[in-house]
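Student: Just the structure for this:
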Amino acid sequence: MLHARFTAEGHLTYDLAARPFFTFRFLDSGEAEEDILDATARAELAAESRLTERGYGFKQLTSQAEDLSLAPLGKRQRREQAAKAARADGRS
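Tutor: Numbers count the residues shown, from 1 in each chain. Here you go, the predicted structure:
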């Protein structure tokens, strides 16, 4: 089972059965939409540094950034949100 997560330090996932490339996930935050560009640049530099320090070869790194506050909730998150709302309404 693939366990991928976003962390401030970065989380490297490399599972050829899932995809033919590695994924390095970083968690960052900001106040404005423009902060995504800065966060992406920081993540790219951190990924390059970590890969180089460990002697991993890489080329043509690409990046994708996403505002996770806009991402749809997963099943567990929807369930937790519904339970929280029920408790707030006194329906626990």
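Student: Could you give the separation of the one helix or strand residue 78 maps to from the chain centroid?
Tutor: Under the criterion of DSSP states H and E, residue 78 resides in helix 75-88. Chain-centre distance of helix 75-88: 22 Å, with Cα atoms, centre = their mean, to the nearest Å.
Student: Return the set of buried residues in it.
Tutor: Judged by neighbour count (16 or more other Cβ atoms under 10 Å), helix 75-88 contains no buried residues. No exception for glycine: its C-beta is placed from N, CA and C like everyone else's.
Student: give me every residue that touches residue 28.
Tutor: Contact partners of residue 28, counting by Cβ atoms under 8 Å, 6 or more residues apart in numbering, are 8, 35, 39, 42, 43.
Student: again with residue 35
Tutor: Residues in contact with residue 35 (Cβ under 8 Å, 6+ apart) are 28, 29.
Student: Could you tell me which of the contacts of residue 28 belong to helices?
Tutor: 35, 39, 42, 43 (DSSP state H).
Student: list the contacts for the third one?
Tutor: This means residue 42. Taking Cβ under 8 Å, 6+ apart as the test, what residue 42 contacts is 26, 28.
Student: Quick check: it vs residue 36, distance?
Tutor: Here the criterion is Cβ to Cβ, to the nearest Å. By it, residue 42 lies 11 Å from residue 36.
Student: What of the last one?
Tutor: Summarising the geometry, the distance separating residue 43 from residue 36, computed by Cβ to Cβ, is 10 Å.
Student: tell me, what's touching those two both at once?
Tutor: residue 65.
Student: More neighbours: which of the two?
Tutor: residue 43 (20 against 14; other Cβ atoms under 10 Å).
Student: So that one versus residue 54, what's the distance?
Tutor: Taking Cβ to Cβ, one finds residue 43 at 17 Å from residue 54.
Student: Show me the shaky parts of this structure.
Tutor: 1-7, 11-16, 18-19, 21, 91-92 (pLDDT under 70).
Student: Show me the strands in it, by range?
Tutor: Per DSSP state E, the chain carries strands over the ranges 11-13, 23-25.
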